[in-house]
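Peer 1: I need the structure of the sequence given here:
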Amino acid sequence: MSEVSWAGRVARCCTCAVVCILVWGIAAARGQEESASSGDAPATQVLTRDAAVWRALQDNPELAALRQQHGIAAAAVVIAETYPFNPSWTNKMFAVDGPESSGITNRVAMEQKVSIDIELRGQGKKRRQAASAGLSRVDFEIAFSELGLAVRTARAFDSVLYRREKLNLAEETVNLTKEAADKAEKLVPQAPSPADAILARTEEYDARAQTGQARGAYAAALAQLDAALGVTTERLEFRGSLEAPAQTFDVDVLTSRALEARPDVHAKQAAVGEAEARLRLEIANRYGNPNLGPDYEYNETRDNFIGFQLVLPLPVLNTHRGEILQRQAERDRAILVLRQNETQVRQEVQAAVRRLEEAQNWVETYRTKVLPNLRSSVESMENLFEKNLPGADALRVITVRRKLLTARSGYLDALWEASQARADLAAAVGGPAPAGSAEKPPPKP
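Peer 2: Okay, here's the model as predicted:
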């Protein structure tokens, strides 16, 4: 049981590493608000990113069903620790008859024997090793599923925040274009052309049309998050922010950590050990097991015979060569799958770091260049419009405002891309990635 206990402890440690993704969620959401105040309606539960991940790990029905695999694998260990053969009792009764010269004094002869198959080649140890490795493999697979669900929930949570902000921005666009259209209509007698008012109102209608698409995308994001949380009718409110500090990472350090922490890598290693143990067990079983036990006989002349019997299989026609070749192929496949998985881990870490670096550069471009310049342009154009200077008509004001709103939408796209890249990195590393450096992000634009 020591091997099983070790496997369980390692798997639980790996699961703890999975749950540590909550720390990553908190770090990525430094600006998020606290949970609902005491005045909120009791029917609505407020979830932050870390609370959503916890909720998913506890309540997701798919994960709950998958965790039952541990019980099946643990039962396989119990089976392996149980001797596979029961003793057999043979009772033979003979009616004796013959001529008087035969000296028959007992008309009922009998033979009694008890026998059992004996494993002489350490099959029990190999069987226990295979079952213990199988239990470790299952525990690590469960831990990997938990990691996947945590990352999926974090992605879905960020998608809800992203879609909600996009919907708010669409509604803000409607209000701003309506305000500009109203101003343009009031200035029609003084405007160079009534077409400005018509175009301004057209911009408002176009903005209203975009809100329907934003609402649909928001509803789809909520459905995905509900599926990860395992809820159906419960009313939930989600609070958080996509803002996060820019970070730098060492790919080599992250790769080493991923190879040590990823549950799927440990699962593949356990699978290699399991396949190796099954191969050794098959080799040990190739010659069969002797059958041994005491034998007692009481014959027709009332003589007693006490001894033992030994039955040896003769591996002449079947030496289990095909079964051994199968086990060897399974072991070789497990080794190749492990190598493939290690290569995939390295590739995923590199790809995730590259994606996050590009996303962070994208975000910083909006923060430091695009948004400040466009805000300045909007202020300047509005000042010119208020002064009724030539060339500063309502259509140009709407155009500049539109560009600022488009840039804010692009900024949200960049934040969402960065959040998805962080989720990729957490999945690739097997938990929160240690950052080389980080800077506190500026206030939300």
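Peer 1: which stretches in this structure count as strands?
Peer 2: Using DSSP state E, the strands of the chain run over 44-47, 88-95, 108-117, 235-238, 247-248, 291-298, 304-311, 437-438.
Peer 1: let me know which of the ones you listed is the nearest to Arg67.
Peer 2: Proximity to Arg67, assessed across the strands of the chain by Cβ to Cβ, is greatest for strand 44-47 (22.3 Å). No exception for glycine: its C-beta is placed from N, CA and C like everyone else's.
Peer 1: strands paired with that closest one, and their directions?
Peer 2: Using DSSP bridges, the strands paired with strand 44-47 in its sheet are strand 235-238 (parallel).
Peer 1: so which residues make contact with the partner strand?
Peer 2: Identification of contacts with strand 235-238 by Cβ atoms under 8 Å, 6 or more residues apart in numbering yields 36, 40, 43-48, 52, 157, 160-161, 164, 225-226, 229.
Peer 1: before we move on, the earlier item: for the strands of the chain, which one sits closest to Glu146?
Peer 2: Nearest of the strands of the chain to Glu146, taken as Cβ to Cβ: strand 44-47 at 18.2 Å.
Peer 1: so how far is stretch 300-320 from its chain's centroid?
Peer 2: Stretch 300-320 has its C-alpha centroid displaced from the chain centroid by 56 Å (Cα atoms, centre = their mean, to the nearest Å).
Peer 1: quick one on the thing from earlier: please list the members of the contacts of strand 235-238 that lie in helices.
Peer 2: Judged by DSSP state H, the subset of the contacts of strand 235-238 located in helices is Ala52, Phe157, Val160, Leu161, Arg164, Leu225, Asp226, Leu229.
Peer 1: so the fourth one is in contact with Ala244, correct?
Peer 2: No. Counting by Cβ atoms under 8 Å, Leu161 does not reach Ala244; the two are 11.7 Å apart.
Peer 1: hmm, back to that, among the contacts of strand 235-238, which one has the lowest pLDDT?
Peer 2: The member of the contacts of strand 235-238 with the lowest pLDDT is Ala36, at 38.
Peer 1: which one is Val231 nearest to, not counting chain neighbours?
Peer 2: Asp59 (7.3 Å; Cβ to Cβ, 6 or more residues apart in numbering).
Peer 1: and for the one you found, the neighbour number?
Peer 2: If you count neighbours by other Cβ atoms under 10 Å, Asp59 ends up with 14.
Peer 1: wait, what's in contact with it?
Peer 2: Counting by Cβ under 8 Å, 6+ apart, Asp59 has contacts Leu229, Gly230, Val231.
Peer 1: neighbour-wise, which of these leads?
Peer 2: Counting neighbours by other Cβ under 10 Å, Leu229 leads the contacts of Asp59 with 23 neighbours.
Peer 1: per-residue confidence for the closest residue to Gly98 other than its chain neighbours?
Peer 2: For Gly98, ignoring the flanking residues on the chain, the nearest one in space by Cβ to Cβ, 6+ apart is Ile104 at 5.5 Å. What the model reports for Ile104 is a pLDDT of 83.
Peer 1: pretty sure Ile104 sits against Ala95.
Peer 2: No. Counting by Cβ under 8 Å, Ile104 sits too far from Ala95 to count as a contact (11.0 Å).
Peer 1: more neighbours, those two?
Peer 2: Shown here are Ile104 and Ala95; by other Cβ under 10 Å, Ile104 has more neighbours (16 against 8).
Peer 1: related to what we said a few turns ago, Leu161 and Ala244: which is more packed in?
Peer 2: Neighbours per residue, other Cβ under 10 Å: of Leu161 and Ala244, the larger number sits with Leu161, 24 against 21.
Peer 1: identify the residues contacting that one.
Peer 2: Taking Cβ under 8 Å, 6+ apart, one finds Phe238, Gly240, Ser241, Leu242 in contact with Leu161.
Peer 1: what subset of those is buried?
Peer 2: Among the contacts of Leu161, those classed as buried by 16 or more other Cβ atoms under 10 Å are Phe238, Gly240, Ser241, Leu242.
Peer 1: circling back: between which two of the ones in helices among the contacts of strand 235-238 is the distance greatest?
Peer 2: Those two in the ones in helices among the contacts of strand 235-238 that are separated most widely, counting by Cβ to Cβ, are Arg164 and Leu229, at 16.3 Å.
Peer 1: for the residue nearest to the spatial centre of the chain, which non-adjacent residue is closest in space?
Peer 2: Ranked by distance to the mean C-alpha position of the chain (Cα atoms, centre = their mean), the top residue is Gly148 at 1.3 Å. Nearest non-adjacent residue to Gly148, counting by Cβ to Cβ, 6+ apart: Ala427, 7.1 Å away.
Peer 1: pretty sure the residue nearest to the centre of the chain is touching Ala426, no?
Peer 2: No. Counting by Cβ under 8 Å, Gly148 stays clear of Ala426, with 10.6 Å between them.
Peer 1: for Ala261, which non-adjacent residue is closest in space?
Peer 2: Gly430 (3.8 Å).
Peer 1: surely that neighbour touches Leu147?
Peer 2: Yes. Look at Gly430 against Leu147 with Cβ under 8 Å: they come within range, at 6.3 Å.
Peer 1: pull out the buried positions in stretch 138-158.
Peer 2: Buried residues in stretch 138-158 (16+ other Cβ under 10 Å): 138-147, 149-158.
Peer 1: go on, stretch 295-311?
Peer 2: Neighbour-count burial for stretch 295-311 [16+ other Cβ under 10 Å]: Asp295, Glu297, Tyr298, Asn299, Glu300.
Peer 1: count the residues that sit near Ala407.
Peer 2: 17.
Peer 1: now it: how far from Arg367?
Peer 2: Remark: distance between Ala407 and Arg367 (Cβ to Cβ, to the nearest Å) = 11 Å.
Peer 1: OK, contacts around the residue lying closest to Gln309 once chain neighbours are set aside?
Peer 2: Nearest residue to Gln309, sequence neighbours excluded (Cβ to Cβ, 6+ apart): Asp295, at 4.8 Å. Going by Cβ under 8 Å, 6+ apart, Asp295 touches Glu111, Gln112, Lys113, Phe305, Ile306, Gly307, Phe308, Gln309.
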